[in-house]
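I need the structure of the sequence given here:
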Amino acid sequence: MEKIIHRAADRGFADHGWLKSHHTFSFANYYNPETIHFGALRVLNDDEVKGGMGFGAHPHDNMEIVSIVLDGALAHKDNTGRDKIINKNDVQIMSAGAGIVHSEFNASKTAPVSFLQIWVFPKYRNVPPRYDQQTFDPGRRHNRWQVVVSPEQEEGKLWLNQDAWFSLGNFDAGQRLTITPKQQGQGSYLFLISGEAKVGDEILHERDGIGVSAYEQLHIEVNKAAEFLLIDVPMLQ
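Sure, this is the predicted structure:
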């Protein structure tokens with residue numbers, strides 16, 4: 001087994017006043033040659049945006065972008081005419097493909113919004129840009145994994161242009177679980193949104209992450225009620 005640990009306190013951090021952003025991987029002005037990406041997983045940003053503020057129109061291309069709202073609501077607009085609100089328990093996928101211009105603003109004028117934004121390298125480049133979002137019932141991930149994004153166009157899940165899976169899980173203290181690779185050559189990145197867990201021989205706390213590859217099984221013991229994001233991706237060279 002190969003593994004890499006990203007502690008919450010060691011992440012890159014930017015405080016722009018209106019935006020507080022923690023970067024698990026190198027992003028913007030934060031550069032760490034040891035945290036460029038984990039396989040096809042390129043960016044995992046943990047953002048909080050003040051009420052009434054946000055990101056103005058800006059372009060993306062050839063990247064699969066997943067946003068998961070943890071608290072509050074996020075307003076999305078893009079140059080295809082889409083105008084959407086992403087609420088807590090919503091997941092958004094934007095395949096930037098050949099190119100898209102979008103903006104993201106806090107949908108509230110007063111309350112902050114917190115969300116995870118994750119970038120994944122695409123399987124195919126320069127595809128037509130695509131947008132989708134879906135609301136997921138948190139009750140369906142109590143003490144089990146809820147797959148929210150997959151490479152297959154299946155009802156009840158979002159799909160993206162890569163052999164990657166995103167799963168959410170809320171587990172009670174005392175739960176024991178085991179994860180395995182989705183496919184040969186895949187790695188798994190586990191991000192602890194809240195709680196505490198023993199993952200293999202490592203203790204993870206809130207906002208810690210661990211990536212494992214070349215493995216058969218990874219055992220997890222939940223020490224304190226925990227919320228996880230599990231991302232399975234190809235291990236690109």
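
The residue sitting nearest the centre point of the chain pairs with what?
Nearest to the centroid of the C-alpha atoms of the chain, with distances taken as CA atoms, centre = their mean, sits residue 118, at 4.1 Å. Applying DSSP bridges to residue 118 gives these bridge partners: residue 44, residue 66.

tell me the domain ranges of this structure?
Annotated domains of the chain cover 11-136, 139-234 [automatic domain parsing].

of those domains, which approaches residue 1 most closely?
For those, the distance to residue 1 is smallest for domain 139-234, at 4.1 Å, taking CB to CB. Any C-beta I mention is one placed from the backbone N, CA and C, and that applies to glycine too.

quick one on the thing from earlier: to residue 4, which of the domains of the chain lies closest?
Closest to residue 4 of the domains of the chain, according to CB to CB: domain 139-234, at 4.7 Å.

these two touch, right, the residue nearest to the centre of the chain and residue 41?
Yes - Residue 118 is in contact with residue 41 according to CB atoms under 8 Å; the separation is 7.1 Å.

Could you name every residue contacting both of these two?
The contact sets of residue 118 and residue 41 overlap at residue 231 (CB atoms under 8 Å, 6 or more residues apart in numbering).

Distance to residue 2 and mean pLDDT added to the domains of the chain, as TSV?
What follows is those, written out as TSV (distance: least, CB to CB, whole Å; pLDDT from 0 to 100):
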stretch	distance to residue 2	mean pLDDT
domain 11-136	11	95
domain 139-234	5	97
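
List the residues that contact residue 8.
Counting by CB under 8 Å, 6+ apart, residue 8 touches 22, 205, 206, 207, 208.

Narrow those residues to those that are buried.
Buried positions within the contacts of residue 8, assessed by neighbour count (16 or more other CB atoms under 10 Å), are 22, 205, 207, 208.
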